[in-house]
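*Asks:* Kindly generate the corresponding structure for this input.
(chains A and B)
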Amino acid sequence: MILEARSISVRYRRDQPPVLESVSCQVKESELVAVVGPNGSGKTTLLRALVGLVPVERGAVLVGGRPVRDWPRRSLAQTVGVVSQQEEAVFPLKVAESVMLGRYARLGPLSAPGSADRAAVRMALERCDILALADRSVDSLSGGEWKRVRIARALAQQPRALVLDEPTDSLDVRHEMELFELVHQLVNGGLAGLVITHHLNLAARFAHRIILLDRGEVVAVGTPTEVLDQGTLSRVFQWPVAVTTWYDGSPQVVPLRAGEEPGSV
Amino acid sequence: MSAARLALLLVAVTACALLGLSAGAVSLPLGEVWQGLWHGQGSGAAIVRDLRAPRVMLAFLVGGSLGVCGAALQAMIRNPLAEPYLLGLSSGAGLGAVIAIASRAGGPWTVPLAAFLGALAAVALVYRLSVVSGRRLDPHVLLLSGVVVGAFAGALMSAVMVLSDAPGVRNAFLWLLGGFGTASWRALAVFAVYASIPLAMLLFHARSLDLIALGDEPAHHLGAEVDRIRRVVYLCTALLTAASVATCGIVGFVGLVVPHAVRTMVRPLHRSLLPLVFAVGGCFLVLADVVSRTAVRPLEIPVGVITALIGVPLFALLLRRTLA
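*Replies:* Numbers count the residues shown, from 1 in each chain, chains lettered A, B, ... in the order given. Below you'll find the model as predicted:
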């Protein structure tokens, strides 16, 4: 097990209710887990707790079987790569330089990047199909390209787990599909993947397991067919939905318009 | 950096140094500078060796240090407008130094120490003020807090001067005018002792600065210990600012002008950026000091006036660009 939360509770301020309450989740090698849920359900907080950015009030977070707070930061960065929701480049680097930042956790403070580092950067650029952009300044990129640069940077860390927070946010159909296919390939190659997403249908087709969060609690966890249940989703998202089945067997969620009945789909 | 660029840089530094040695109330031809410097001969030997050489070196080190402070602060708060003067560090250091000088507790070693305490207090206050706003480390709030703390420290400086006795006021006032007129080999030694460790520390953390410039969360994910680096940057910039302010008074905008200029020349990666910022900052302040000495000979304009004349228009330009 690479990433594991054991019934964790997280509270940002003592006078407020917990943001996460007894949440458990596990991600192992070659497994893609999607975390879904309404806005404010605690998805990003779960991510932040899993990588030791916020302390847990109760429960335990384990990375590679070891409590996350016992990990030195540099070692943790060599094990878990994270692509957060947004990032703004104030002092824009070139794409290749930006991806090289992923190697910093493996570099000494004064040593220059070696051939292994350059090879890792090149491979990450190739995997994300942005080798041609290597010399471009990151402030000249489109939203989709910038996302891929950040994923390449996380891959350059050569992590065992890749964690993505809404990676397809603001991407068009082609780019979001390309991105999920990339993540799918990486996971097939042995990585553990955790994706936070609002795309229930992409989660249904790519993820091995789905965790459905609502108001800081796990409502359902299991295979896409187990979790994407019409009644549960309608209740959690407070909007009526219908669930159909795609030819490959994965459930597909269709939000209903006012007056439509689930049976009519 | 390529060998050609390095050579160019060395030529530029040497040219600035020679200009600094030859220009002044009495201008000396380069031949005389050379004779005086290496052989101790000629009428200008005393001027070159005892007055101008320490002055030029001091201006170089102070300019370099202030430039490095600016670059480090800009990376940390992710805003090209950050620098010790605008963030209130200089004024805090100035207040500490004025208290030490006016109370005549100040020897050459204690003034920088008092300035350091003042700078640290200013940093803490700026930080507290921006926390109160609930937008911790929002660069605009930080800069606003810095200006407020700077004004507050300025007011307290006036109060300290009014309340101290005549010789104390005179000393503090002369110091406040700023400049390198009192440069000596001893002042150079004191500065070098105070500045070398924080400079080395910041250079050692160059990679961490690259990461922290991405923002706290990405830096964290890439393996940086964000809180520790933040403390290192605060401490080192406070020390460097304090040493500079204790040496030559409050000189603003070097930390703004120099990193900006250097970023147009090299990649914004701190391992190459910081050394170049140091060299260019040094040259910048040496040249500003030359202007301050020669513009209205034999009077000296405080060097802070020169840097402000260059810095304020650039600030306006940068402000426009960052808000656009």
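*Asks:* shouldn't B:Leu318 be in contact with B:Val257?
*Replies:* No: using CB atoms under 8 Å, B:Leu318 makes no contact with B:Val257, being 9.6 Å away. For glycine as for every other residue, the C-beta is placed from the backbone atoms N, C-alpha and C.
*Asks:* So which residues of the stretch 1-150 of chain A form strands?
*Replies:* Using DSSP state E, counting those that start in this stretch, the strands of the stretch 1-150 of chain A run over A:3-10, A:20-27, A:32-36, A:58-63, A:66-67, A:80-83.
*Asks:* quick one: which of these is nearest chain B?
*Replies:* strand A:80-83 (4.0 Å; CB to the nearest CB).
*Asks:* can you list the residues of chain A near chain B?
*Replies:* Taking CB under 8 Å from any CB of the partner chain as the contact definition, chain A meets chain B at A:51, A:53, A:73-74, A:76-78, A:80-82, A:84, A:87-94, A:97, A:101-102, A:104-105, A:107, A:109-110, A:153-154, A:157.
*Asks:* Put the buried members of the residues you listed into a PyMOL selection.
*Replies:* To isolate in PyMOL the members of these that are buried, counting by 16 or more other CB atoms under 10 Å in any protein chain shown, one can use:
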select buried, chain A and resi 51+53+73+74+76+77+78+80+81+82+84+87+89+90+91+92+93+94+97+101+102+104+105+107+153+154+157
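*Asks:* one step back: tell me which of B:Leu318 and B:Val257 has more neighbours.
*Replies:* B:Val257 (26 against 17; other CB atoms under 10 Å in any protein chain shown).
*Asks:* So what's the residue count around the closest residue to A:Ala204 other than its chain neighbours?
*Replies:* Leaving aside its sequence neighbours, A:Ala204 sits nearest to A:Pro224 (CB to CB, 6 or more residues apart in numbering or on different chains; 4.1 Å). By other CB under 10 Å, 23 other residues sit near A:Pro224.
*Asks:* surely A:Pro224 meets A:Ile211?
*Replies:* No: at 11.2 Å, A:Pro224 does not count as touching A:Ile211 under the criterion of CB under 8 Å.
*Asks:* neighbours of the residue nearest to B:Thr110 when sequence neighbours are not counted, just the number please.
*Replies:* Closest residue in space to B:Thr110, ignoring its immediate chain neighbours: B:Ala100 at 5.7 Å, by CB to CB, 6+ apart. Neighbour count for B:Ala100, taken as other CB under 10 Å: 23.
*Asks:* hang on, B:Ala100 packs against B:Ala114?
*Replies:* Yes: the pair B:Ala100 / B:Ala114 is scored as a contact, 3.6 Å apart, by CB under 8 Å.
*Asks:* Give me the distance between the residue of chain B found nearest chain A and B:Ala25.
*Replies:* Proximity of chain B to chain A (CB to the nearest CB) peaks at B:Gly223, 3.2 Å away. Noted for B:Gly223: a distance of 54 Å to B:Ala25, by CB to CB, to the nearest Å.
*Asks:* And for B:Leu66?
*Replies:* Counting by CB to CB, the separation of B:Leu66 from B:Ala25 is 25 Å.
*Asks:* Between the two, tell me which one has more neighbours.
*Replies:* Set side by side, B:Leu66 and B:Ala25 show more neighbours around B:Leu66, with 36 against 12, by other CB under 10 Å.
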